[in-house]
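S.K.: Sequence isn't available, so here's the structure alone:
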């Protein structure tokens, strides 16, 4: 897969809320087809960085490009139509059925209804939800994992090439979370998506992402593939990596090497 | 006669299509206007905290104005507006009845509509608003596709509250000339017809409940995405509107309209006039229960054609004269002054309904009080009661000035209860009406006014400017002039104050005509 093209570019991006610098001089290039996880604790500025990308909020300084275009020169509504966004806890509209939630962006783009219906069915298959059983349900009738699958389907509905995910799997139980993450990963690959995922969970980031960016207090501390990150001299990064390492050791000790989990 | 078989239920029922139809029309029009103004305002100021608090404060202030006062305020306001449009655009509209009632009620409905609209829109989870933007909605799309549907239950609750308030308050639109279910209540209270009062209350409560339930049906229909429920509710409201439009089209708009103020004598006399016009082959209806500040302006504007007023009242309130002239001179001068406004003073009925200080005969005799001058010496140890307006009327000021009256206490009372209160000793003196039948019933006496502080109050027939040259009307009314003496009117009023089937204004009017028609 060619990784020469930059899908999203952040150059010296800054954003303050009052006196607090939420994002402070962050520069990061994300290549087309890449899966990047942005890891940090609460207040690290990771969510702010994500929201700056599709102009849910506006940057104070620096430059953000999406597929080569400066986002300030693009109509924000049109920008959001071509960038998929998966919200924490799904962000599904409670008064709309699963099908209407998934088909919302195509509907905003005024696609004909039969085309939207066909696309919804296609997406339900893609996120492994039974068409007939789920299409007409309201979000309240779904489990957490099903809701987030619908959230992913909605983000993909208008065939975006870029998907932004805000702690998408955070609130799910481990089994659901693992299955959904796995499924999303394969979608990311088969559809050739560029994905930026926010998470506070380093283990999840290591398991899913090609590259990890670590943020703290608005600044980008380190970034690189998991193996590169492991060589970082930064104490905070090392602390973040300690937890998954310990988990791996315990798992190795507890489970026989050839056993099936 | 049992309560259930009382023929007044039938009489009340006969008025229902007219009263209910008008009530529904004015309530639903007011509600529609209130929604048309309130919902867009709620939407506009949902993200503007300052505008929001100003608007809510204004709506709350309106809510604190008593319904009756708010309705009454709109009449002079609209009269002024009508005069302005007439002089500027050569276009006039009726400031009487429907329009002021609808505008005041619409204003009244604004608070629940605004408050619930704003609460509903502001109560939406911020995460959902961000999701709406995130999937690429414009602010408008977000409003229509997400915010309004989510705020709907709270908004509908406000609309239902507004509907119940408006339907209840619409009963108070009777005094400004809008026929409503309040006609039962006002007429019933004034003529001691508790069947009418009860009927009016039950009818308006039933209407409020019905509309509330229909709106509830629409709400659950919208929320549960059940087209059937929403359609049923909508159909119900539409049917209500359609049903009320039928009698209005059937009603004869060329009929003479006879006005009546809010007391029993006026109800009886307006019924008498209507009967006389109908006997002469003229179509006629009554518009009873009009406020005394509204009725003269309504005649001037041609909203009513005929009514009975009292010379002293016009002398003080319309001509703003304070000096008192002898009866004949005052009448002559009044006639000339009214002619200047193109209003015809057709003549006197023959009796006077003046304010008079009244006390129990025995008490008066014991204290040797014959006139107000005698009373003045005892006043500091006595209490006085008057109707709601008496103590702010010029007559009271004139009385105080002429006799130096200063009572120990003064109270305001519903006129019908005043006489009984005087008879039972609850108050010592009351400001009663000379034509009231209760004076004789309770053995009370009216005190003389040797210094003529109170002007004469001859009952006079007034015709609207547009009827000035209407000879058929005049011919039908002339037989009434000079026929009704004070004793006859007192007896008629006493009959009307009874609480049985023979005491309805219509029945008393017939009795009155039998008594005076041959004279």
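M.R.: In hand now; what should we look at? Every value quoted in this text rests on a predicted model; they were computed, and no experiment measured them.
S.K.: Report the contact partners of the residue in the stretch 351-500 of chain B positioned nearest to chain A.
M.R.: For the stretch 351-500 of chain B, the residue closest to chain A is residue B:388, as judged by C-beta to the nearest C-beta, at 52.1 Å. C-beta here means a position set from N, CA and C on the backbone, and glycine is covered the same way. Residues near residue B:388 by C-beta atoms under 8 Å, 6 or more residues apart in numbering or on different chains: residue B:412.
S.K.: For the stretch 201-350 of chain B, which segments count as helices?
M.R.: Ranges of helices in the stretch 201-350 of chain B, per DSSP state H, counting those that start in this stretch, are B:227-250, B:264-279, B:292-300, B:311-317, B:327-340.
S.K.: from those helices, which stretch is densest packed?
M.R.: Of those, the one with the most neighbours on average (mean count of other C-beta atoms under 10 Å in any protein chain shown) is helix B:264-279, at a mean of 23.
S.K.: That helix versus helix B:292-300: what angle between them?
M.R.: Put simply, helix B:264-279 runs at 20 degrees to helix B:292-300, going by axes from the mean of the first three to the mean of the last three C-alpha atoms, to 10 degrees.
S.K.: For helix B:264-279, report the contacting residues that lie outside it.
M.R.: Under C-beta under 8 Å, 6+ apart, the answer for helix B:264-279 is B:187, B:190-192, B:256, B:258-260, B:283-286, B:288, B:306-308, B:349, B:353, B:433, B:435-436, B:459, B:461, B:473, B:476-477, B:479-480, B:489, B:492-493, B:496-497, B:505-506, B:508-510, B:512-513.
S.K.: again, 7 Å this time
M.R.: B:187, B:190-191, B:256, B:258-260, B:284-286, B:288, B:306, B:308, B:353, B:435, B:476-477, B:479-480, B:489, B:492-493, B:496-497, B:505-506, B:508-509, B:512-513 (C-beta atoms under 7 Å, 6 or more residues apart in numbering or on different chains).
S.K.: Restricted to strands, list those residues.
M.R.: Using DSSP state E, the subset of these located in strands is B:256, B:258, B:259, B:284, B:285, B:286, B:306, B:308.
S.K.: The second one contacts residue B:284, doesn't it?
M.R.: Yes - judged on C-beta atoms under 7 Å, residue B:258 makes contact with residue B:284 at a distance of 6.2 Å.
S.K.: give me the number of residues near the residue of the stretch 51-200 of chain A found nearest chain B?
M.R.: Nearest to chain B, among the residues of the stretch 51-200 of chain A, is residue A:91, at 3.5 Å (C-beta to the nearest C-beta). By other C-beta atoms under 10 Å in any protein chain shown, 25 other residues sit near residue A:91.
S.K.: That one reaches residue B:132, doesn't it?
M.R.: No - contact criterion C-beta under 7 Å: residue A:91 and residue B:132 do not qualify, at 8.8 Å.
S.K.: So which bits of stretch B:192-201 are buried?
M.R.: Residues B:192, B:193, B:195, B:196, B:197, B:198, B:199, B:200, B:201 are the ones in stretch B:192-201 that count as buried (16 or more other C-beta atoms under 10 Å in any protein chain shown).
S.K.: residues making contact with it?
M.R.: Applying C-beta under 7 Å, 6+ apart, the external contacts of stretch B:192-201 come out as B:6, B:8-9, B:12, B:171, B:181-182, B:184-185, B:187-189, B:416, B:497-499, B:504.
S.K.: just to revisit the earlier point, would you point out the most distant pair within the buried residues of stretch B:192-201?
M.R.: Maximum pairwise distance among the buried residues of stretch B:192-201 (C-beta to C-beta): 15.5 Å, between B:192 and B:201.
S.K.: burial count for residue A:68?
M.R.: When neighbours are counted by other C-beta under 10 Å, residue A:68 registers 9.
S.K.: Show the backbone phi and psi for it.
M.R.: For residue A:68, the backbone dihedrals are phi 90, psi -10 (criterion: degrees, to the nearest 10).
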